[in-house]
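Chemist: build me a model from this:
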Amino acid sequence: MLCHRKGLMRNGKNGCPKELEQYRRYIKIARTLNSNLEFENIFKMVMREITEFLGVARGSLFVVDDEKNKLWTLTATRNKRIELDLDRGIAGWVARHGRSVLTYDPYNDPRFDKSFDTRGFKTKDILALPIKDKKGKVIGVLELLNKLNGKKYTKRELAFARLVADELAISLTNAILFEEEKKVFESLISVMAATIDARHPVTIGHSQRIAEYSVKIGKELNLPPERLELLEIAALLHDYGKIIIPDYILRKKGALTPEEFEIMKMHPLVTFNILSKIHFPAHLRGVPNIASFHHERINGQGYPYGKKGEEIPLEAKILAVADVFDAITSAREYHEAYPYEKGKEEIVKGSGTRFDPKVVEAFLRFYEKNFEQRSEEETTSKKKARASKRKNKKNI
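Modeler: Predicted coordinates for the structure are as follows:
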């Protein structure tokens, strides 16, 4: 592929610099593909490199979705997923037939779908290459539109595009497998969370709300995506240990006796014991600890371990705040749902003793963005209801 080293040194006019640049780009793409399992990273990097090197106006990497009978891709600017019918356009034809297409007159090609040209963009030429797995099955399509210099592809450029398509085949196969494993894991987490809801119907949706609140508070603290995911999974599973709590305690409408409360306090330990048996991915190995720490207090007066201050992970401190806020503002056997403002007051009251002040500050920012308006509407609604009640009494 490269010219002879001596020729490269002696003569810069024999095309060697172009071949060297092609080789450099290919190595860069290959390295990136081999180190990424996320579709977003694959789309961004590959399309930037190949469109720049080959000098084309647009490029798309389509993935075949057999279940939906669709092709899907990500938009270049917002990473928004868009889907196309597998029977539409040249990309669809390539996916169906497993053969490459190179046309410099797409409008006279019956396989071309003219409706794809929008907002003043007109397709002048198309290079579409199938991406196949080891068994020869088409799993994607690499499509390039409009050579910027108005010239045709050279043999070297076509060879480079095919090399990239071959490299993409390995990367896409791995990414698809990774995505499948991720879906299996996520479905397992959802089933486990649903088990808690089925066990204690009054608190249906509690774990999902805690996860939502926790992630939003985590964002206020600028946690990176990996820690936000860790926080979300721990939140979804934080009450899993309640599956061992007897119904007469779990669903009791009055206050628990000291003996009953001691039994209830076992659920974080049971949560840890169950979750620690799951083989979490490396970045989620902290889930059992965080989930079992959500009743700890920074003053050391919590349970089950009596941890305090920095002994409690930040994610667990966030989870503790979200858990109490939802417990106050949602209906339970022993109380109706209190107003959001009441929930906020309790969180502020516990700052410095029960809750980490830094987390409380983040909670208040989260509250202002998500509940301030709802709290005002809630107050107005109650005032109207009371006024209406008083009016009805007068009429009686």
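
Chemist: spatially central residue for this protein, please.
Modeler: Ranked by distance to the mean C-alpha position of the chain (C-alpha atoms, centre = their mean), the top residue is residue 229 at 7.9 Å.

Chemist: right, and that one touches residue 283 too?
Modeler: Yes. Using C-beta atoms under 8 Å, residue 229 is in contact with residue 283, at 7.1 Å. (Glycine included, C-beta is placed from N, CA and C.)

Chemist: show me where the stretch 51-200 of the chain has strands.
Modeler: When assigned using DSSP state E, counting those that start in this stretch, the strands of the stretch 51-200 of the chain occupy the ranges 56-65, 70-74, 81-85, 101-103, 126-132, 138-147.

Chemist: what's the helix or strand harbouring the residue nearest to the centre of the chain in contact with?
Modeler: Assigned by DSSP states H and E, residue 229 belongs to helix 225-237. Helix 225-237 is contacted by residues 189-190, 192-193, 207-208, 210-211, 214-215, 218-219, 223, 271, 275, 280, 283-284, 286-287, 290-291, 315-316, 318-319, 322 when judged by C-beta atoms under 8 Å, 6 or more residues apart in numbering.

Chemist: number of nearby residues for residue 113?
Modeler: Residues lying near residue 113 (other C-beta atoms under 10 Å) number 17.

Chemist: and it, what is it in contact with?
Modeler: Counting by C-beta under 8 Å, 6+ apart, residue 113 makes contact with 88-90.

Chemist: let's see 10 Å
Modeler: Listed by C-beta atoms under 10 Å, 6 or more residues apart in numbering, the contact set of residue 113 reads 84-85, 87-93, 106, 123.

Chemist: so for it, what's the pLDDT?
Modeler: Note for residue 113: predicted pLDDT of 91.

Chemist: do you know how far it is from residue 85?
Modeler: Separation of residue 113 from residue 85 (C-beta to C-beta, to the nearest Å): 9 Å.

Chemist: got any residues that touch both of these two?
Modeler: residue 92.

Chemist: got the buried residues for stretch 291-305?
Modeler: For stretch 291-305, a neighbour-count test (16 or more other C-beta atoms under 10 Å) marks 291-298, 302-305 as buried.

Chemist: of the contacts of helix 225-237, buried ones?
Modeler: For these, a neighbour count by 16+ other C-beta under 10 Å gives the buried set as 189, 192-193, 207-208, 210-211, 214-215, 218, 223, 271, 275, 284, 286-287, 290-291, 315-316, 318-319, 322.

Chemist: in helices, which of those fall?
Modeler: Here DSSP state H is the test, and the buried ones among the contacts of helix 225-237 give 189, 192-193, 207-208, 210-211, 214-215, 218, 271, 275, 287, 290-291, 315-316, 318-319, 322 as lying in helices.

Chemist: which residue sits closest to residue 362, ignoring its sequence neighbours?
Modeler: Using C-beta to C-beta, 6 or more residues apart in numbering and skipping residues adjacent in sequence, the residue nearest residue 362 is residue 220, 3.9 Å away.

Chemist: mind listing what that neighbour touches?
Modeler: By C-beta under 10 Å, 6+ apart, the contact set of residue 220 is 318, 359, 361-367, 369.

Chemist: again, only using 8 Å
Modeler: Shown in contact with residue 220 (C-beta under 8 Å, 6+ apart): 362-363, 365-366.

Chemist: CSV for the residues you listed, including distance to residue 152, pLDDT and neighbour count?
Modeler: CSV is the format used below for these (distance: C-beta to C-beta, whole Å; pLDDT from 0 to 100; neighbours: other C-beta atoms under 10 Å):
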residue, distance to residue 152, pLDDT, neighbour count
362, 57, 98, 22
363, 61, 97, 27
365, 57, 96, 14
366, 56, 96, 23
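
Chemist: now the two most distant members of those.
Modeler: Within these, 363 and 365 form the most distant pair, 7.3 Å apart (C-beta to C-beta).

Chemist: what helix or strand is residue 268 on?
Modeler: Element membership for residue 268 (DSSP H and E) is helix 267-275.

Chemist: which pLDDT value does the model give residue 18?
Modeler: At residue 18, the pLDDT value in this model is 61.
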